[in-house]
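Asks: Need coordinates for the following:
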Amino acid sequence: MVTKLALSGAAVLVLILGGTPAWGQNTPPGPGKPALSFSTAEMTRELTGIAQELLRAKKYGKAAKTLKQLVFLKPEDAGLHFQLGQAYLKLGRYQDAVKTFKQAILFKADFAEAHLGLGGTYILMDRPEDAIEVLHRGLRLKENNVEGHTLLGSAHLLLKNYSEAAAAYRRAVQLNPQSAEAQLGLGQADNYLGKYQEAVEALTQAVRLNPLNGGAYLELAAAYSNLGQYEKGLAACREALRLQPDWPEVHYGLGVFYACTGQYPDAVLAYKLATRLNPDFYEAYTGQGEALTQLERYDEAVDSLHTAIRLKPDYARAHFSLGCAFLRQGVKTGALEEYEILSTMDLHLARTLFHYIAQDLLPR
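Replies: Down below sits the predicted model:
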């Protein structure tokens with residue numbers, strides 16, 4: 001077993017350059033004792049072992065520092081650049097990760113994992129177009145890489161290329177049906193494509209494989225909602241709440257299910273919790289306004305919908321619901337004003353609101 005020596009940064013640098021440490025210059029070795037020295041190969045082995053231990057211990061900051069020393073010793077080692085990129089990725093240092101993965105590719109153009117690592121970093125940086133280009137290169141080098149196809153699906157999902165996303169996720173699932181991430185992505189893509197039963201099947205697998213993922217339960221709840229299976233959806237949403245009680249989206253989902261099943265007081269409470277956790281959650285303010293309208297609490301409904309519009313002035317649903325609230329309240333001028341606004345945003349909702357206004361104006 002190699003003995004680890006705790007050397008200062010300056011001492012290590014001196015050793016790397018082949019000099020003598022300052023503390024040893026005036027102290028000759030005793031009879032029969034060789035002077036302390038490290039070869040570059042020995043130093044590399046020592047630091048490599050330390051780096052691997054730090055990575056296993058998830059001490060990514062210290063691992064990055066050690067890997068930087070290794071890169072200094074072996075600047076053309078693509079594998080070391082790749083490991084350093086992974087450490088930067090874990091630290092959220094995405095720009096540094098991009099540079100380091102590119103260095104790995106520079107020294108080894110056919111390094112598939114480096115291409116995939118770079119693509120994954122671009123996704124985290126919200127650069128899906130760049131990610132797709134790099135991921136395709138990586139997958140040409142390593143066609144059957146599950147993570148690569150999963151990342152490709154994620155990039156397409158960000159770009160709302162739902163068919164391409166579903167195809168990438170489906171390929172990942174074919175390669176590894178036990179990938180919870182791929183099953184979840186496939187379920188999300190199928191939800192957007194209107195393939196709700198297929199979404200339920202994929203998402204059921206996702207929560208089976210990873211029962212601690214609240215997001216997967218919430219996506220499953222959305223699929224059940226789209227199928228009109230509200231009781232099943234409510235059960236999935238409650239499971240998501242158990243796992244992530246402080247997630248605003250979960251409370252919003254509960255509000256949706258309560259409203260769909262006519263439980264408007266519970267819906268109002270759920271939406272209020274969502275807005276308390278996220279004061280900018282304009283969809284939750286809209287849902288709250290709609291539920292309050294059903295409870296004939298019109299002033300509160302109008303206030304809630306005005307808040308949603310203040311947060312998101314171009315949110316057509318909020319304008320439509322505000323128009324309906326005004327109409328229920330008997331404020332026809334307000335409803336007509338919302339119709340005028342809607343006519344520049346969403347013609348379908350504008351026509352629907354006008355139909356309601358016209359019906360209300362007809363003699364009874």
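
Asks: Next up, the contacts around the most centrally placed residue in the chain.
Replies: The structure's the chain has its C-alpha centroid closest to residue 124; by CA atoms, centre = their mean the separation is 7.6 Å. Each residue near residue 124 by CB atoms under 8 Å, 6 or more residues apart in numbering is listed here: 89, 94. Yep, even glycine has a C-beta here, placed from its N, CA and C like the rest.

Asks: before we move on, what about the one 4 residues further on?
Replies: If a contact means CB under 8 Å, 6+ apart, then residue 128 has 122, 154, 155, 156, 158, 159 as its contacts.

Asks: which among the residues you listed gets closest to residue 214?
Replies: residue 154 (18.2 Å; CB to CB).

Asks: so that closest one touches residue 126, yeah?
Replies: No. Using CB atoms under 8 Å, residue 154 is not in contact with residue 126, being 11.4 Å away.

Asks: Neighbour count for those two, which is higher?
Replies: Neighbours were counted for residue 154 and for residue 126 using other CB atoms under 10 Å; residue 154 has more, 24 against 9.

Asks: What helix or strand is the more buried one located in?
Replies: Taking DSSP states H and E as the definition, residue 154 sits inside helix 146-158.

Asks: buried stuff in whichever helix or strand comes after that helix?
Replies: Moving toward the C-terminus from helix 146-158, the next helix or strand (DSSP H and E) is helix 162-175. Going by neighbour count (16 or more other CB atoms under 10 Å), the buried part of helix 162-175 is 162, 164, 165, 166, 167, 168, 169, 170, 171, 172, 173, 175.

Asks: Contacts only, for the fifth one.
Replies: This points to residue 167. Residue 167 makes contacts with residue 153, as judged by CB under 8 Å, 6+ apart.

Asks: same check, this time on the last one
Replies: Taking CB under 8 Å, 6+ apart as the contact definition, residue 175 lies against 144, 146, 149.

Asks: rewinding a little: of the contacts of residue 128 - the most surrounded one?
Replies: Result: residue 155 is most packed of the contacts of residue 128 (other CB under 10 Å), 26 neighbours.

Asks: In this structure it contacts residue 131, no?
Replies: Yes. Contact criterion CB under 8 Å: residue 155 and residue 131 qualify, at 4.2 Å.

Asks: Spell out which residues are contacts of both of the two.
Replies: Common neighbours of residue 155 and residue 131, counting by CB under 8 Å, 6+ apart, are 119, 122, 123.

Asks: Can you flag which of those belong to helices?
Replies: Secondary structure assignment by DSSP state H places 119, 122, 123 of the shared contacts of residue 155 and residue 131 in helices.

Asks: TSV please, covering the buried residues of helix 162-175 and showing pLDDT and distance to residue 315.
Replies: Output for the buried residues of helix 162-175, formatted as TSV (pLDDT from 0 to 100; distance: CB to CB, whole Å):
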residue	pLDDT	distance to residue 315
162	97	22
164	98	28
165	97	25
166	97	28
167	97	31
168	98	31
169	97	29
170	97	33
171	97	36
172	97	34
173	97	35
175	97	40
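
Asks: can you list the weak-confidence ranges in the chain?
Replies: For the chain, residues meeting the criterion pLDDT under 70 lie at 1-40, 361-364.

Asks: ranges for the strands of the stretch 151-300 of the chain?
Replies: Under the criterion DSSP state E, counting those that start in this stretch, the stretch 151-300 of the chain contains no strands.

Asks: what about the longest helix in the chain?
Replies: Identified as the longest helix of the chain according to DSSP H is helix 40-56.
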